[in-house]
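Chemist: Here is my input; please provide its structure:
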Amino acid sequence: MEEIVAVVGLGNPSRNYAASRHNVGFRVLDRLVQSFAATLEERKFPGRWGVSTITGRKVFFLQPLTYMNRSGEAVGQMLRYFKIPPSQLIVIHDDLDLPVGRLRLAVKGGAGGHRGIASIIEHLEDQNFARLKVGIGRPLHGEPVEAYVLQLPYPDQVRVLAEAEARGAEAIRTVLAEGMVQAMNHFNRNDASPGASP
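Modeler: Sure thing, here's the model as predicted:
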């Protein structure tokens, strides 16, 4: 399995969405970038991006600023510019089908109804890129899914999701340092996320 050299966190750029469920990818990436003392800047691509040297190789970080449904525009531009194949990309995103706070690493797959992932697949013409999925669960009070993902977590989910974001950053650090297989063996088996809703 190839080394990961590009890490993308998905979300929406407006401050109105900063703490929403859909922006969990942005928040994990923020934690990750901070841990590597890197910075993200707006230049060249429609997104905030930066680079750091990790275990002897350059790793690129990106938050698309195109809004979720057009995430692939920024991702495609960055990968083409730096000649990075999709197989060396990992994307961090929210997942409705995982319990709140649960993490799941995957090496490839379809969009699963996630419009940001669908946009990336469309622009890369490839779905063989890795993902870190962060569970946000499904609506409990009859909200439409389109509204639910853009809303704040329920009060009893705030701490659980924040803890998942910290574990998510740790999972990506493990991917970068030890590879996908080691990270999957650890986080996919051990991430029972105590306190997460079923």
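
Chemist: How are the helices of this protein distributed by residue range?
Modeler: Secondary structure of the chain (DSSP state H): helices at 24-35, 71-81, 115-124, 145-148, 158-178, 180-190.

Chemist: how about these, which one is nearest L98?
Modeler: Smallest distance to L98 across the helices of the chain (CB to CB): 9.6 Å, for helix 158-178. In short, each C-beta sits where N, CA and C put it, glycine included.

Chemist: Could you tell me which residues within that closest one count as buried?
Modeler: 160-161, 164-165, 167-176 (16 or more other CB atoms under 10 Å).

Chemist: now swap in stretch 136-155 and tell me
Modeler: Buried-residue list, stretch 136-155, by 16+ other CB under 10 Å: I136, G137, Y148, V149, L150, P153, Y154.

Chemist: any idea which of those residues is closest to Q182?
Modeler: Closest to Q182, out of all of the buried residues of stretch 136-155 and judged by CB to CB, is I136, at 25.9 Å.

Chemist: wouldn't the closest one be in contact with Q151 here?
Modeler: No: I136 is not in contact with Q151 according to CB atoms under 8 Å; the separation is 10.1 Å.

Chemist: Distance check, the residue most central in space within the chain against Y154.
Modeler: Nearest to the mean C-alpha position of the chain, counting by CA atoms, centre = their mean, stands I92 at 1.1 Å. Counting by CB to CB, to the nearest Å, the separation of I92 from Y154 is 22 Å.

Chemist: got it, and S119?
Modeler: With CB to CB as the criterion, S119 and Y154 are 28 Å apart.

Chemist: H123 now?
Modeler: Counting by CB to CB - H123 and Y154 are separated by 33 Å.

Chemist: cool, and S52?
Modeler: For S52 relative to Y154 (CB to CB), the value is 35 Å.

Chemist: cool, and G9?
Modeler: Applying CB to CB to G9 and Y154 gives a distance of 22 Å.

Chemist: Same check on R15?
Modeler: In terms of CB to CB, R15 sits 21 Å off from Y154.

Chemist: likewise I84?
Modeler: From I84 to Y154 the distance is 38 Å (CB to CB).

Chemist: Could you do R27 as well?
Modeler: Note on R27: its distance to Y154, by CB to CB, is 17 Å.
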